[in-house]
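Visitor: Return a 3D structure for these sequence lines:
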Amino acid sequence: MANTVEDEVEYEVLDLGEAADLDPATYKVFLSDGDAAAGAVSSWPVAEAIKSKLTGNDEILDLHRRYGVPDVYTACHAGNLGASTMPAEGDRALCVYAAALEAGMRFPLHGFYIKVLRHYRLAPSQLAPNSWTYMAAFVRLCEDAGVEPLVSVFRHFFTISAHRDKESLTPLGWHHFQPFPDHRRRRLFTGNLNSKFGWKSRFFFLRSSPEMSWKCPVKWGKPRRADVRTQQLTDDAIGKLLLQAGTTGIDLKDFLSRRKFPIGDPVQLPTAVKTEAGAGRKRKSPEGPATNPLAAQPGFTAPATATPPRFAVGPTIAAAATPPGFQPKMSTPPGFSPTLPSFDAAGTMRPGLHLDHQGTSVAHGRDEPSLPLGMWASDALQVWEAMTARDNENTQLKAMLRASKDEVAKLKDMVIRLDKERAFLMERLGAARTKISKLEEEHATGIARLKDAKDKEVRDAKLEAKKNVVLSLFPHLNPVLLELPNLD
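Guide: Presented below is the predicted three-dimensional model:
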């Protein structure tokens, strides 16, 4: 258990895998027995008391753009609401921490994230920011290993802990994932993640469009006892992941620095197009004028702008906003008419295809019709949407190609630089070898000179010894007679 003080909330963490084996009075505080009602907790007073410091629309919009949140999600500040505030019935608001986006949370949520949240019955705002980093790394490592990211395999490598008040020992609602300790289970990743101080007081809300719903829990809850118990698996995916991790594990920060954070499938709003006889008659919405779902909740503060920030992400069909080139009150793509037929050279009518005054297809600028024979204007919208999607895909591919070319150019520059460095080092190596050869020659010469001097010294010593022996035997002998000519 670790003690932490953050956002003026002093708490400690409890491994829920260990808590599941405690007595019922203890584990029921943090876990449910499995029924649906027990999983949802209506009150989290500590979390509700923390108000967001993200009060400016510009700051929230900057987060919206910086982390690529699709424009189908409307961003607004929290006002006086807490992160755990229950959404009103029918409200599509979801609390998001700024630190979670920084740590790897992306929208749309990746399918694996949704499965993890549904497994533990937790809302995204109940996860501490670093949990998103671990989940992102797990998804990318599964891709490298060629296996599907499964919740069961994730649970084999990561444990879930709950935050609880240090004094009262009551749960605070937040949870986080962390690798099992080395002595309990082999780890996939190495390195520690720094805590993001103050993250609990920097949050805002995202609202999905009416045609969409969040696939993960929105209300704060608590996991089931059976879903946190330690499990033993012999899955083939575990072996493949351990093979990728190696014996020492993978450095987590370095691993993610070379990869993009996972993201879910692109969100596409359904488009309903219908040509009515009374085209001039506006249809009233059965729901009345659009209202802010959070406005009914106590403490809500509306943004300074009249409309929450939202941007179009594609052609939407509406009375006040039609795609470029569309005629008002007509459900046809640019350059097509539902009433005017055209004729080919033989005089055969081609229904629904309208050519401009130059006889060229408006949609493509070719001398041939852009639609097959017999296609009416009511079908043309689908073709136009398909063409738009294809153009968008081509634009993305071109951008990827440009990025790849830039990367190739950088690599070529790096190769040139490395070649120059190699040539410089080889030149220095050659000079060093020449100097070593010269030093070896000088060393050999010096050794020979010393050897000659030593030999001469030995010879002189021997002669002197012989001379002394003779003089000792014949003391009256003249020493000069014993001097021998130098034979060197």
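Visitor: all strands of the stretch 1-150 of the chain, in order?
Guide: Counting by DSSP state E, counting those that start in this stretch, the stretch 1-150 of the chain has strands at residues 3-6, 9-15, 74-77, 93-97.
Visitor: Counting by contacts, list what the second one packs against.
Guide: In terms of contacts (3 or more CB pairs under 8 Å, 6 or more residues apart in numbering; DSSP states H and E), strand 9-15 is packed against strand 3-6, strand 158-165, strand 171-179. C-beta here means a position set from N, CA and C on the backbone, and glycine is covered the same way.
Visitor: Let me know which of the strands of the stretch 1-150 of the chain is tucked in deepest.
Guide: Ranked by mean neighbour count, those are led by strand 93-97 with a mean of 24 (mean count of other CB atoms under 10 Å).
Visitor: as a whole number, average confidence for the longest helix anywhere in the chain?
Guide: Ranked by residue count, the top helix of the chain under DSSP state H comes out as helix 377-473. Across helix 377-473, pLDDT averages out at 87.
Visitor: could you list every residue that touches C95?
Guide: A78, A83, S84, T85, A123, P124, S125, F203, F204, F205 (CB atoms under 8 Å, 6 or more residues apart in numbering).
Visitor: For A93, give its distance to V46.
Guide: Going from A93 to V46 by CB to CB, to the nearest Å gives 20 Å.
Visitor: And for S84?
Guide: Counting by CB to CB, the gap from S84 to V46 is 9 Å.
Visitor: These two - which one has more neighbours?
Guide: Comparing S84 with V46 by neighbour count (other CB atoms under 10 Å), the higher total belongs to S84, at 24 against 21.
Visitor: Check what pLDDT the more buried one gets.
Guide: pLDDT at S84 comes out at 90.
Visitor: if I read this right, it contacts P171, doesn't it?
Guide: No - under the contact definition of CB atoms under 8 Å, S84 does not touch P171, with a separation of 11.5 Å.
Visitor: who's in contact with K53?
Guide: Applying CB under 8 Å, 6+ apart, the residues near K53 are S201, R202.
Visitor: quick one: low-confidence ranges for the stretch 101-250 of the chain?
Guide: For the stretch 101-250 of the chain, applying pLDDT under 70 flags the ranges 182-184, 230-235.
Visitor: Going along the chain, name the helices of it.
Guide: Along the stretch 101-250 of the chain, counting by DSSP state H, counting those that start in this stretch, helices occupy 111-120, 129-145, 151-157, 236-245.
Visitor: could I get the ones you listed as TSV with mean neighbour count?
Guide: Output for the helices of the stretch 101-250 of the chain, formatted as TSV (neighbours: other CB atoms under 10 Å):
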stretch	mean neighbour count
helix 111-120	19
helix 129-145	21
helix 151-157	19
helix 236-245	16
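Visitor: which residue sits closest to R106, ignoring its sequence neighbours?
Guide: In this structure, R106 finds its nearest non-sequential neighbour in I263, 4.2 Å apart by CB to CB, 6 or more residues apart in numbering.
Visitor: any idea how far I250 is from L242?
Guide: 11 Å.
Visitor: where do the contact lists of those two overlap?
Guide: The contact lists of L242 and I250 share L188, where a contact means CB under 8 Å, 6+ apart.
Visitor: about what we covered before: want to throw the strands of the stretch 1-150 of the chain into a markdown table with distance to S161 and mean pLDDT?
Guide: As requested, those are arranged in a markdown table below (distance: least, CB to CB, whole Å; pLDDT from 0 to 100):
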| stretch | distance to S161 | mean pLDDT |
| --- | --- | --- |
| strand 3-6 | 11 | 46 |
| strand 9-15 | 4 | 76 |
| strand 74-77 | 30 | 88 |
| strand 93-97 | 17 | 93 |
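Visitor: what's the burial count for S32?
Guide: If you count neighbours by other CB under 10 Å, S32 ends up with 21.
Visitor: Please read the previous query as pertaining to E407.
Guide: The number of residues packed near E407 is 10, by other CB under 10 Å.
Visitor: ok, it to L31 distance?
Guide: 48 Å.
Visitor: again with S84
Guide: 18 Å.
Visitor: Might you report the residue contacts of V139?
Guide: H110, F112, P149, P262.
Visitor: From what I see, the first one and C216 are in contact.
Guide: No - between H110 and C216 there is no contact, the gap being 10.7 Å when judged by CB under 8 Å.
Visitor: that older thread, could you dump the helices of the stretch 101-250 of the chain to a markdown table with distance to T395?
Guide: Converted to a markdown table, the helices of the stretch 101-250 of the chain look like this (distance: least, CB to CB, whole Å):
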| stretch | distance to T395 |
| --- | --- |
| helix 111-120 | 26 |
| helix 129-145 | 25 |
| helix 151-157 | 35 |
| helix 236-245 | 34 |
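Visitor: Quick check: pLDDT value at P45.
Guide: At P45, pLDDT is 89.
Visitor: That one: neighbour count?
Guide: 11.
Visitor: distance of it from W199?
Guide: For P45, the distance to W199 - CB to CB - is 19 Å.
Visitor: One more: H443?
Guide: Applying CB to CB to H443 and W199 gives a distance of 68 Å.
Visitor: who has more neighbours, those two?
Guide: Neighbour count, other CB under 10 Å: between H443 and W199, W199 has more, with 20 against 10.
Visitor: give me the number of residues near the residue lying closest to that one once chain neighbours are set aside?
Guide: Counting by CB to CB, 6+ apart, W199 lies nearest to A99, which is 3.6 Å off, once chain neighbours are set aside. Counted with other CB under 10 Å, the neighbours of A99 add up to 20.
Visitor: Find me the pLDDT at A99, would you?
Guide: Looking at A99, its pLDDT is 95.
Visitor: There's contact between it and P129 in this structure, I believe.
Guide: Yes - using CB under 8 Å, A99 is in contact with P129, at 4.0 Å.
Visitor: Now for the two: what residues contact both?
Guide: Counting by CB under 8 Å, 6+ apart, the contacts common to A99 and P129 are K196, W199.
Visitor: Lovely, talk soon.
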